[in-house]
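Chemist: here's a sequence, model it:
(one chain, ligands or ions: 1)
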Amino acid sequence: MYIYSIQTHMQPRDSLERFLDDLRRRWPIARGSLCEVAKPCVRAGCVACAQGEKHRSFIFSYRQAGKQRCLYVPGKLVPELQRALEGGQWLERRLSELGAALVFAHRHQRGSPARGAPRRKSKT
Ligand SMILES: [Zn+2]
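Modeler: From the prediction side, this is the model:
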């Protein structure tokens, strides 16, 4: 376990260690979306399709080189993939915070007062 600095502006090294520690705890992580679909199959005389129930499956969609891609996801993998996607959202939030921290640390070093960029959300 790492001892975190309570200071608003952490040293870059502390910040990296903390980030990697958090990332390891969340690994594996993913970016994309998971949705459940119901489709008819190709089997002749399928009872589920005849009753209009169709077949439920999970699709993972993600972007690769600017193109939308889709993959079927086995049911057993769904909980882990959901967790990975939550980890991906955490990572995106974290990267934004790190970007802001970089700017604030630079201001702090230069001793310049915080300048009035518009604040959309109050930060703790
Ligand atoms: Zn069917």
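
Chemist: in which helix or strand does residue 34 reside?
Modeler: Assigned by DSSP states H and E, residue 34 falls within strand 33-39.

Chemist: identify each buried residue in the helix or strand harbouring residue 100, please.
Modeler: Applying DSSP H and E as the criterion places residue 100 in helix 78-110. For helix 78-110, burial by neighbour count (16 or more other Cβ atoms under 10 Å) applies to 81, 84-85, 87-88, 91, 101, 105. The way it works is simple: take the backbone N, C-alpha and C, and place the C-beta from them, glycine included.

Chemist: name the residue closest to the centre of this protein, please.
Modeler: Nearest residue to the geometric centre of the chain (Cα atoms, centre = their mean): residue 88, 1.6 Å.

Chemist: got a list of what that residue touches?
Modeler: 29-32 (Cβ atoms under 8 Å, 6 or more residues apart in numbering).

Chemist: tell me the one of the residues you listed nearest residue 69?
Modeler: Closest approach to residue 69 among the contacts of residue 88 (Cβ to Cβ): residue 32, at 8.5 Å.

Chemist: since that was my last question, I'll sign off now.
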